[in-house]
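*Asks:* Sequence isn't available, so here's the structure alone:
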């Protein structure tokens, strides 16, 4: 008997069950290494970006001219809903988690993430959820068409695609919560000796704060969609006025999640930009402490502004005033960040490689999105602009020019360290300019459409909106092609090989390489010393 057990034990050892470095598909399926898991997150998010992008191009193709071109209105509404859900939960959030997995242990001097197996699990929840979400197009009645916000009572009337969407979001929410617990534990418990919190790189700080936001609000979303589920199938009346419920209550619960969520999608981007600008200005970050406090302030304020999404629901004037002023208050810490980025560049010894171009492009275009947000915070203006293309323009300026540009900046900045190879600089610059120009061609005209009164989520529109819609659709296809160019001309070649990356790929000033911890210097405006 004992011989059999020993033999079985030897057998398992010899076939890699206890191998620390599994190969082939096992390396990825059983990954516990933070770098491999980070890579999995990034590939997953890029796949979802392209998937959501195809849906967006369907939307823009339909809107190229008035009348119904390609789709019936029901399917058009499915496209808008699924585009939103896929981009938010499938593309942007997992991409930032991928960056967190890759960079946080390296930046704080940890050997790995705190919970390696949970890290693996939190990633592998995502592909089944994504398949569930995307395959809802194939069930009777199609995918949900209630908008990405899934407002009741519409969401209580939809077919089985709605249930698939709810299940997928539960799974993705569980993944986010586990990822956040992992990040918080890693940052608080695994920093190298001497790495105090106020010496951490800004990216680690922004993710620490973002993780707390995620743990606070993901259960709120779970509550909202679970109540929707019980209204649909178990006879409850949370959001059914006929049974004593209130559809507006759904909006309150959803936006209590939804507004912090938009900061979850931008704060890690702030962190990435706060790393890149000092490196390419060859100066330490201006006002490091104020950056940390500003990030925390944004996170805290994000909890008290949710009803600015609901000015048109008939809330009392006192509530409208509170949410208007609270929303405007967020502009203050955001303005601090923008000021500090510009002050960091001031009199810096700047160079303009692709990461810096994306970071500067981010500041320019994100700030425009911030200003339109400030305009929408003004209650009487918002009531006019509610559900028009002005709102669509605003949040795409924040989420595409904000989140996506910062992700691209981070990729160009850190990929030489990840792959060991330099990307092609010329192609990177082409990708930047193509993205920046086509992005603005796509979304800037939407401000005019919204001001003229064109409502969002309609498959058809009045003839006077034709010209701007044509321009926007042409820009959208250009933007989509720019990302395909990125995949084939930049991403794949830089993984396969090329010029080997140097130990300090950006040749920064001493201490300003890829993991720059940025303590505030005594006098930030001094000319930096020349490095021999």
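*Replies:* Received it, and whenever you're ready, just let me know what you need. The shown structure was predicted, so the numbers you read here are calculated from the model rather than taken from an experiment.
*Asks:* Determine how far the helix or strand where residue 369 lies lies from the middle of the whole chain.
*Replies:* Using DSSP states H and E, residue 369 sits in helix 354-377. Centre-to-centre, helix 354-377 and its host chain are 15 Å apart (CA atoms, centre = their mean, to the nearest Å).
*Asks:* could you give me the average pLDDT of that helix?
*Replies:* Averaged across helix 354-377, the pLDDT comes to 96.
*Asks:* And the very next helix or strand once past that helix, what's buried?
*Replies:* Using DSSP H and E, the helix or strand that directly follows helix 354-377 along the chain is helix 379-385. In terms of neighbour count (16 or more other CB atoms under 10 Å), helix 379-385 has its buried residues at 379, 382, 385. In short, each C-beta sits where N, CA and C put it, glycine included.
*Asks:* what residues does helix 379-385 touch?
*Replies:* 308, 311-312, 320-321, 323-324, 375-376, 391, 450-451 (CB atoms under 8 Å, 6 or more residues apart in numbering).
*Asks:* In terms of secondary structure, what does the next helix or strand after it contact?
*Replies:* Using DSSP H and E, the helix or strand that follows helix 379-385 in sequence is helix 389-398. Here helix 389-398 touches helix 354-377, helix 425-451, going by 3 or more CB pairs under 8 Å, 6 or more residues apart in numbering; DSSP states H and E.
*Asks:* which of those helices sits most buried?
*Replies:* Of all the helices and strands packed on helix 389-398, helix 354-377 has the most neighbours on average by mean count of other CB atoms under 10 Å, namely a mean of 21.
*Asks:* Packing partners of that helix?
*Replies:* Against helix 354-377 (3+ CB pairs under 8 Å, 6+ apart) you get helix 267-281, helix 317-345, helix 379-385, helix 389-398, helix 405-419, helix 425-451.
*Asks:* picking up where we left off before, closest to residue 502 out of the helices and strands packed on helix 389-398?
*Replies:* When the helices and strands packed on helix 389-398 are compared by CB to CB, helix 425-451 sits nearest residue 502, at 13.6 Å.
*Asks:* For the most centrally placed residue in the chain, which residues are in contact?
*Replies:* What sits nearest the mean C-alpha location of the chain, by CA atoms, centre = their mean, is residue 92, with 3.0 Å. By CB under 8 Å, 6+ apart, the contact set of residue 92 is 45, 265, 399, 403-404, 407.
*Asks:* residues of stretch 309-319 that come out buried?
*Replies:* Neighbour counts over stretch 309-319 (16+ other CB under 10 Å) mark 309-311, 315 as buried.
*Asks:* For those residues, name the two members farthest from one another.
*Replies:* Longest span within these, CB to CB: 309 and 315, 11.1 Å.
*Asks:* So which of the buried residues of stretch 309-319 is the closest to residue 63?
*Replies:* Once CB to CB is applied, the member of the buried residues of stretch 309-319 that ends up nearest residue 63 is residue 309, at 23.6 Å.
*Asks:* Could you report the neighbour count for the closest residue to that closest one other than its chain neighbours?
*Replies:* Among residues not flanking residue 309 along the chain, residue 255 sits closest, at 4.7 Å (CB to CB, 6 or more residues apart in numbering). Close neighbours of residue 255, defined as other CB atoms under 10 Å, add up to 20.
*Asks:* Would you mind giving the helices and strands packed on helix 389-398 as a markdown table with distance to residue 471 added?
*Replies:* Below are the helices and strands packed on helix 389-398 laid out as a markdown table (distance: least, CB to CB, whole Å):
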| stretch | distance to residue 471 |
| --- | --- |
| helix 354-377 | 17 |
| helix 425-451 | 5 |
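*Asks:* if we can go back for a sec, go ahead and report the secondary structure state at the residue nearest to the centre of the chain.
*Replies:* helix (DSSP: H, G, I helix; E, B strand; the rest coil).
*Asks:* okay, and for this protein, where does confidence drop off?
*Replies:* 1-20, 507-532 (pLDDT under 70).
*Asks:* change it to 90
*Replies:* 1-24, 142, 157, 495-532 (pLDDT under 90).
*Asks:* what about the strands in it?
*Replies:* In the chain, no strands are defined using DSSP state E.
*Asks:* could you check the distance from the nearest residue to residue 345 once chain neighbours are set aside over to residue 352?
*Replies:* Spatial nearest neighbour of residue 345, excluding adjacent residues (CB to CB, 6+ apart): residue 281 at 4.9 Å. Per CB to CB, to the nearest Å, residue 281 is found 11 Å from residue 352.
*Asks:* Of the two, which one has the most company?
*Replies:* Shown here are residue 281 and residue 352; by other CB under 10 Å, residue 281 has more neighbours (26 against 12).
*Asks:* quick one: that one and residue 350 touch, right?
*Replies:* Yes: Residue 281 is in contact with residue 350 according to CB atoms under 8 Å; the separation is 5.1 Å.
*Asks:* which stretches of the stretch 51-200 of the chain form helices?
*Replies:* 73-85, 93-108, 116-124, 126-134, 160-189 (DSSP state H, counting those that start in this stretch).
*Asks:* hey, which of those is tucked in deepest?
*Replies:* When these are compared using mean count of other CB under 10 Å, helix 93-108 is most buried, at a mean of 26.
*Asks:* Run through the neighbouring helices and strands of that one.
*Replies:* Short answer (3+ CB pairs under 8 Å, 6+ apart): helix 93-108 packs on helix 34-62, helix 160-189, helix 202-233, helix 267-281, helix 405-419.
*Asks:* now the angle from that helix to helix 116-124?
*Replies:* Here the directions of helix 93-108 and helix 116-124 differ by 150 degrees (axes from the mean of the first three to the mean of the last three CA atoms, to 10 degrees).
*Asks:* Export the helices of the stretch 51-200 of the chain as CSV, with columns for distance to residue 206.
*Replies:* CSV is the format used below for those (distance: least, CB to CB, whole Å):
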stretch, distance to residue 206
helix 73-85, 24
helix 93-108, 9
helix 116-124, 19
helix 126-134, 22
helix 160-189, 11
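*Asks:* Those helices: which one's closest to residue 491?
*Replies:* Relative to residue 491, the nearest member of the helices of the stretch 51-200 of the chain by CB to CB is helix 93-108, separated by 13.1 Å.
*Asks:* distance between the closest one and the chain's centre?
*Replies:* 13 Å.
*Asks:* residues in contact with residue 129?
*Replies:* Contacts of residue 129 (CB under 8 Å, 6+ apart): 89, 167-169, 171-172, 175.
*Asks:* Make a markdown table out of those and add distance to residue 211.
*Replies:* Shown next, in a markdown table, are the contacts of residue 129 (distance: CB to CB, whole Å):
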| residue | distance to residue 211 |
| --- | --- |
| 89 | 17 |
| 167 | 24 |
| 168 | 22 |
| 169 | 19 |
| 171 | 19 |
| 172 | 16 |
| 175 | 13 |
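*Asks:* Out of the residues you listed, which is nearest to residue 224?
*Replies:* Distances from residue 224 to the contacts of residue 129, taken as CB to CB, are shortest for residue 169 (9.7 Å).
*Asks:* what number of residues lie near the closest residue to that closest one other than its chain neighbours?
*Replies:* With sequence-adjacent residues excluded and distances taken as CB to CB, 6+ apart, residue 169 is closest to residue 225, at 5.9 Å. Using other CB under 10 Å, residue 225 has 22 neighbouring residues.
*Asks:* Kindly provide the distance from residue 225 to residue 458.
*Replies:* 25 Å.
*Asks:* same check, this time on residue 172
*Replies:* 28 Å.
*Asks:* Residue 218 too?
*Replies:* From residue 218 to residue 458 the distance is 31 Å (CB to CB).
*Asks:* now do residue 226
*Replies:* Distance of residue 226 to residue 458, given as CB to CB: 30 Å.
*Asks:* burial count for residue 285?
*Replies:* 27.
*Asks:* again, but for residue 484
*Replies:* Counted with other CB under 10 Å, residue 484 comes out at 11.
*Asks:* give me every residue that touches residue 294.
*Replies:* 333-334, 336-337, 340.
*Asks:* 10 Å instead?
*Replies:* For residue 294, the contact set (CB atoms under 10 Å, 6 or more residues apart in numbering) comprises 270, 287, 332-340.
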